[in-house]
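*Asks:* with the input below, show me the fold.
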Amino acid sequence: MAKEKEKRGMNLLAFTGAAALVAIAVNFVISAINAQKSKNHKKRDLPGSSVRIKLSASEIHKLTDHIISKSKEIYDLVASVPIEKVTYLNVIAPIAELEAYQFPLVQSCLYPKMVSTSDDVRKASAYAEKKLDSHFLMSRKREDVYRVIKAFVERGEKLDLESKYFVQSLVKDFERNGANLTLTKKEELERLTSQIDELAFQYIRNLNGDNSFLLFHGSELDGMPQEFIKSLEEIESGKLKVALKSYNVSAVLEHCKIGATRKLVAVSYGKRCGRENLDILENLVQLRHKVARLLGYPNYADFAIESRMARTSAKVFEFLEDISDNLTDLALRELNILKDLKREEEGDSPFGMEDIAYYMRRAEEKQFDLDLGEVKQYFPVDLVLTGIFRILQDLFGLRFEEIKDIEAWHESIRLFSVLDISSSELLGYFYLDLFSREEKYAHTCVLALQNGCLSPSGTRQIPIALVISQCPKQVDGSPMLLRFTEVVTLLHEFTHVVHHICNHASFSRFSGLRLETDFCEIPGRLLENWCYESISLKMMSGFHQDITKSITTGLCKSLKQRRDMFSGIKLKQEILLCLMDQIIHSSENMDIVELLKHLHPKIMMGIPLLDGTNPASCFPRFAIGYEATCYSYLWSEVFAADVFVSKFQDDLLNQYAGLQFRNKVLAPGGAKEPLQILSDYLGREPSIQPFVETKLRNSL
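*Replies:* The predicted model follows:
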């Protein structure tokens, strides 16, 4: 989500968060907690935090202006340093200190748009985001500041490794935004960027504005759940209206017994915005290539991937092709199972893309009896939270303590301190905004509120994060139960909290949540494995009517089997889109229609593309936020599997391996090369083989 903002300057809402004091602050926190036991204790702000809680709309506007004014002041000061007098203290240190100072203030202006109950505050926050986004983008284009920083680099002042990495990061930031270009080229870059932004948003507007639908007789929707049928509008002719929205389409493709209906829905959904969005994407790709070449890169893919763990487009191609080749035999076996099921149910009609989801579900029903409604009864939200805390405590040597009576933006907000379990050192804090309410951000995520880093005095700012979720509220005394997918998501997101809080980088920009997705998501994908193992699932579960009865071993086994079923075909579908994304962003004048006609049957084991459809016209990630980087989530899953198999598979609560992960992988943040971080932890370069072998071993 935050990735949509990256190319415009500062990544404002860092999704996975930070803030606080250090050793001295522990005493203040302890005394504050004790004082809060008083019945009439007045709520107070969190000691050591620079985050502003509960700002009004006018206060957000004022703070935004202050941030911009202070930023300009420091950048003007740096730019004024004579070239012959540049030093670390008068050029680099002021920028580093500014970043640490302004980050929690920026987040104070931005997080309210996601959680505030006030419409005025949300609007002010959204406006602040646009204003700050524009300012930080312009700051990173300042030639006068860039020139001074380059002069410092050329002077060759001796630096420690992290400071050297910070300076390199600064230089790269300016150069990727065109600060080193001639005036003519800067103007060209501005023009191209403006065109790209407008086309990308037009692509999204077209999709959001698409209100197409199909009409069906009830018999044509045979197999659909009654709740789905009841949700549909019935028009005068007696037909039911199915809007072509993702939630409806996925439901039909998974449940409808009528092959013709599934195909019509799949084709109609895949044709949305057809030629118009395809033309937009082709123009976008050409403009992106021009930007990349203007900045000195051979193509846009290499530009987009340079700062990520993969580093080059060639490495991404190698990764995707290796995964695809290694899983082809598995995917073919799975496809034959699905074809046999279709033959049994529908005769000899050809198997198409519209059949995959339906027959995967049918195969699951035949393989085992898993009632997800029954599974949900074992996951009361409070018990899940307690279990997550226990897992993170046992693995990473952490202790979570709730702090009462702290000022917050809603009465349901909870605040926790995180301490090292052996030394009781205060490591960080996180706010927990758990329950659903109107106008709140609709998904589960983690935001950085304050980054952990060293202050100019040498003391350490302690990270502060915010966890946002949409758990159901308790109604009429009934328990608040989580779907299994929500349990997985919650553990994943809390791993981001741990990553952020365990960060020991010296610079704010190297916080654990400001890393690129292909590395930042590895810890979360790693911990998802704990949701499919009995020992850890039992720690997070308890039957809501008797919490002493944890989820059964049989249900745990079924959940894991369900996850692993048809993983070959699922991955092939993902690889198809990732390869398409990579090819169009690394090749000149690529015919997207012809590319897909060739690529689709090759990757999907002979299954042809549905006539008239093209993901290029209706896949938002191609347009904005993930261009040339669609591979990154799969990348993180693959290397998380290597860590899991190598370090934890045989001992899920191995605290030695967990502490090593905390100290070697989480602690460096972005202050060290990601590939080197993983290699140091594993004792070798990460490999795709554990991932592949796991999929083959757990297959049908």
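*Asks:* Phe619 and Glu574 touch, don't they?
*Replies:* No: counting by C-beta atoms under 8 Å, Phe619 stays clear of Glu574, with 11.8 Å between them. Quick note: C-beta positions are derived from backbone N, CA and C, even for glycine.
*Asks:* what's the weakest-modelled helix or strand in the protein?
*Replies:* The least trusted helix or strand in the chain, going by mean pLDDT, DSSP states H and E, turns out to be helix 23-35, with a mean of 34.
*Asks:* can you count the residues close to the residue lying closest to Asp581 once chain neighbours are set aside?
*Replies:* Taking C-beta to C-beta, 6 or more residues apart in numbering as the measure, Asp581 lies nearest to Cys630, with 4.2 Å between them; neighbours along the chain are not counted. Neighbour count of Cys630, defined by other C-beta atoms under 10 Å: 23.
*Asks:* ok, Ser231 next?
*Replies:* Other residues close to Ser231 by other C-beta under 10 Å number 14.
*Asks:* ok, then the element right after the least confident helix or strand of the chain?
*Replies:* helix 57-79 (DSSP states H and E).
*Asks:* so which elements touch that following helix?
*Replies:* Packed against helix 57-79 by the contact rule (3 or more C-beta pairs under 8 Å, 6 or more residues apart in numbering; DSSP states H and E) you find helix 93-110, helix 119-139, helix 143-155.
*Asks:* and those helices, which is most packed in?
*Replies:* Greatest average neighbour count among the helices and strands packed on helix 57-79 goes to helix 93-110 (a mean of 22), per mean count of other C-beta atoms under 10 Å.
*Asks:* next SSE after it?
*Replies:* Proceeding N to C from helix 93-110, the next assigned helix or strand is helix 112-115, under DSSP H and E.
*Asks:* for Ser699, helix, strand, or coil?
*Replies:* Here Ser699 is coil, with the state taken from DSSP: H, G, I helix; E, B strand; the rest coil.
*Asks:* number of nearby residues for Ile323?
*Replies:* The number of residues packed near Ile323 is 23, by other C-beta under 10 Å.
*Asks:* what sits against it?
*Replies:* By C-beta atoms under 8 Å, 6 or more residues apart in numbering, the residues touching Ile323 are 571, 575, 634, 638, 688, 691-692.
*Asks:* which ones among those map onto helices?
*Replies:* Cross-referencing the contacts of Ile323 against helices under DSSP state H gives 571, 575, 634, 638, 691-692.
*Asks:* turn these into CSV, including distance to Gly209, neighbour count and pLDDT.
*Replies:* What follows is the ones in helices among the contacts of Ile323, written out as CSV (distance: C-beta to C-beta, whole Å; neighbours: other C-beta atoms under 10 Å; pLDDT from 0 to 100):
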residue, distance to Gly209, neighbour count, pLDDT
Leu571, 32, 23, 97
Ile575, 30, 22, 97
Leu634, 30, 21, 97
Val638, 36, 24, 98
Phe691, 39, 24, 97
Val692, 42, 19, 96
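*Asks:* neighbours of His600, how many?
*Replies:* By the measure other C-beta under 10 Å, the count of residues near His600 is 20.
*Asks:* what about it, helix or strand, and which?
*Replies:* Take DSSP H and E as the rule and His600 turns out to sit in helix 592-603.
*Asks:* mind saving the C-alpha coords of that helix as CSV?
*Replies:* Only the C-alpha atoms of helix 592-603 are listed here, as CSV (Å, rounded to 0.1, in the frame of the first residue of the first chain):
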residue,chain,number,x,y,z
ILE,A,592,1.6,-6.9,-24.6
VAL,A,593,-1.2,-8.8,-26.4
GLU,A,594,1.2,-11.1,-28.3
LEU,A,595,3.4,-11.5,-25.2
LEU,A,596,0.5,-12.8,-23.2
LYS,A,597,-0.7,-15.1,-26.0
HIS,A,598,2.8,-16.7,-26.0
LEU,A,599,3.5,-16.6,-22.3
HIS,A,600,0.1,-17.8,-20.9
PRO,A,601,0.0,-21.4,-22.3
LYS,A,602,3.8,-21.8,-21.7
ILE,A,603,3.5,-21.0,-18.0
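*Asks:* now for that helix, which elements pack on it?
*Replies:* With contacts defined as 3+ C-beta pairs under 8 Å, 6+ apart, the secondary structure elements packing on helix 592-603 are helix 274-294, helix 567-584.
*Asks:* mind checking the pLDDT average for the longest one?
*Replies:* For helix 274-294, the mean pLDDT works out to 96.
*Asks:* which strands or helices does it pack on?
*Replies:* Identification of packing neighbours for helix 274-294 by 3+ C-beta pairs under 8 Å, 6+ apart yields helix 183-208, helix 300-305, helix 592-603, helix 620-623.
*Asks:* I'd like the next helix or strand past the longest strand along the chain.
*Replies:* Selection of the longest strand in the chain by residue count, based on DSSP state E, yields strand 426-435. The helix or strand immediately downstream of strand 426-435 is strand 445-450, counting by DSSP H and E.
*Asks:* can you name every helix or strand that that next one contacts?
*Replies:* Packed on strand 445-450, when contacts are counted by 3+ C-beta pairs under 8 Å, 6+ apart, are helix 93-110, strand 464-471, helix 484-501.
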